[in-house]
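1. dropping the sequence and predicted coords here.
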Amino acid sequence: MKTRKMLAPITITILLLMYIGFFVWAWSVTPVPLWGKIIGLVIPLSLMGVSIFVLIERVKEIRSGEEDDLSKY
């Protein structure tokens, strides 16, 4: 049952990484000065890293059985 609950976050993260990855690819082939490419690539790459971190945290929550955080408040 836990694998079914992990399916949605994993799917959404994969789709998000593919979407942002397309922008990384498009920006890397665009003729822009080097400083512009660096700035334009750091932001999407950091967003990809953050989304992977959030996915790992969500999988940990699902495995521990802590699914409804609002019930604590």
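-> Cool, the structure landed. From a predicted model like this one, the values you see are computed outputs, not experimental measurements.
2. who's in contact with stretch 45-53?
-> The contact list for stretch 45-53, computed with C-beta atoms under 8 Å, 6 or more residues apart in numbering, reads Thr13, Leu16, Leu17, Ile20, Gly21, Val24. For every residue, glycine as well, the C-beta is placed using N, CA and C.
3. list the buried residues in the helix or strand hosting the fifth one.
-> Which is Gly21. Per DSSP states H and E: Gly21 is located in helix 2-29. Neighbour counts over helix 2-29 (16 or more other C-beta atoms under 10 Å) mark Pro9, Thr13, Leu16, Leu17, Ile20, Val24, Trp27 as buried.
4. among the contacts of stretch 45-53, which two are most distant?
-> Among those, the pair separated by the greatest distance (C-beta to C-beta) is Thr13 and Val24, at 15.7 Å.
5. from Ser64, how far off is the residue nearest the centre of the chain?
-> What sits nearest the mean C-alpha location of the chain, by C-alpha atoms, centre = their mean, is Ser51, with 2.3 Å. Separation of Ser51 from Ser64 (C-beta to C-beta, to the nearest Å) stands at 21 Å.
6. swap in Ser28?
-> 39 Å.
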